[in-house]
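Visitor: coords below, sequence missing:
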DNA sequence: GAACGCTACATGCATATGCATGAGATGCAA
DNA sequence: TTGCATCTCATGCATATGCATGTAGCGTTC
């Protein structure tokens, strides 16, 4: 009889149960990420000229600012929080400085580093964009458990 | 005394509890997505010349193929599954055809549409890449709950 | 203090992406 | 049949990204 196959069967075209679960988790993550970041890019882009990365950076800067009002934050400390390569982060900051949302200043104690700080315009733009951002999160993440 | 503030206080710089939860969920999603897709791009890129989108397309094609061996799948049906714009999807298929992984054929019943099918090389590449992909998912998604 | 390695950020280059548009095919209406 | 709207995929263009590299400043060793 066929006894003996059971759970030890191996089919190279089939995942194990654990693999299947992870695969579904990954697909769900991809779908959510696409839907949400797409909506953010579209709505915040149209209304405020911001993308996902731009908004994230504004938000981190605002948090740092509330936490410790000062001269801004080191670039290195911020780069990790927005999931960009060092070069992409450098350009992101350059774009946003050009747009008047942030300001770069060289550190006095270590002239290799730079501080990045919100401008008034950046603070204002973030305040306006935040409700929209939160609404999008509620719409795209809230209903799906 | 300060009685009377309580839960009705509104601070434009603070989220409600629900907003905070969604915000954290979104940041976690961003972090996981970045870590996982980054690892996939790096490892599958080095070993097999595949990125996240390339692997996803191979996987969908393989699934369709196992489900119903035939002439391939309509482009339109696949485009939605990989979270790309129509133009990006078109170019993805073009790249992969050039690399010998898939094959495009015009539909006979509707000559506007195309069928996309795995080649032998595509099937083989997918079979080799899949264990690596699954391992990365286990490493980046498995441990984080 | 000169030379060396290391760190922090900027930039050249190749590429993947999205939007707008183009090109070909279909179907329907007059 | 002709004309027109629609559909499916491809392509021009602008831009964001990553990798490799460049540039400037720091620290250490001799």
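Guide: Arrived safely, thanks for sending. What you are looking at is a predicted structure, and each value in this text was computed from that prediction instead of being measured. Residues are numbered from 1 along each chain as shown, chains lettered A, B, ... in the order given.

Visitor: Next secondary structure after the lowest-mean-pLDDT helix or strand in chain A?
Guide: Every helix and strand in chain A was compared by mean pLDDT, DSSP states H and E; the lowest is strand A:73-74, with a mean of 81. Per DSSP states H and E, the first helix or strand lying C-terminal to strand A:73-74 is helix A:75-79.

Visitor: Which parts of chain A are helices?
Guide: Ranges of helices within chain A are A:17-48, A:52-67, A:75-79, A:86-98, A:120-140, based on DSSP state H.

Visitor: Of all those, which one comes closest to DNA strand D?
Guide: DNA strand D lies closest to helix A:86-98 among the helices of chain A, at 2.9 Å (CB to the nearest atom of the strand). Where C-beta positions appear, they are placed from N, C-alpha and C, glycine not excepted.

Visitor: Run through who's touching that closest one.
Guide: Contacts to helix A:86-98, defined as CB atoms under 8 Å, 6 or more residues apart in numbering or on different chains, come from residues A:53-54, A:57-58, A:75, A:78-79, A:82, A:84, A:102-104, A:116, A:122.

Visitor: how big is the angle separating that helix from helix A:52-67?
Guide: Computed by axes from the mean of the first three to the mean of the last three CA atoms, to 10 degrees, the angle separating helix A:86-98 from helix A:52-67 equals 70 degrees.

Visitor: Show the low-confidence segments of chain A, by residue range.
Guide: Along chain A, the parts satisfying pLDDT under 70 run over A:1-13, A:143-145.

Visitor: DNA strand C contacts on that one?
Guide: A:42, A:74-76, A:79, A:86-87, A:90-91, A:93-94, A:104, A:110, A:112-114 (CB under 7 Å from any atom of the strand).

Visitor: which of those are buried?
Guide: Applying 16 or more other CB atoms under 10 Å in any protein chain shown to the residues of chain A next to DNA strand C, the neighbour count classes A:75, A:79, A:93, A:114 as buried.

Visitor: Present those as JSON lines; the columns should include distance to residue A:137.
Guide: Output for these, formatted as JSON lines (distance: CB to CB, whole Å):
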{"residue": "A:75", "distance to residue A:137": "27"}
{"residue": "A:79", "distance to residue A:137": "23"}
{"residue": "A:93", "distance to residue A:137": "24"}
{"residue": "A:114", "distance to residue A:137": "30"}
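
Visitor: Is stretch A:45-56 positioned near DNA strand D?
Guide: Yes. Contact of stretch A:45-56 with DNA strand D (CB under 7 Å from any atom of the strand) involves A:51, A:53.

Visitor: ok now that stretch, how far from the chain's centre?
Guide: In this view, stretch A:45-56 has its centroid 11 Å away from the chain centroid, taken as CA atoms, centre = their mean, to the nearest Å.

Visitor: Stretch A:107-118 now?
Guide: 23 Å.

Visitor: Contacts for that stretch next, please.
Guide: Contacts for stretch A:107-118 (CB under 8 Å, 6+ apart): A:58, A:61-62, A:65, A:71-76, A:78, A:93, A:101-106, A:126.
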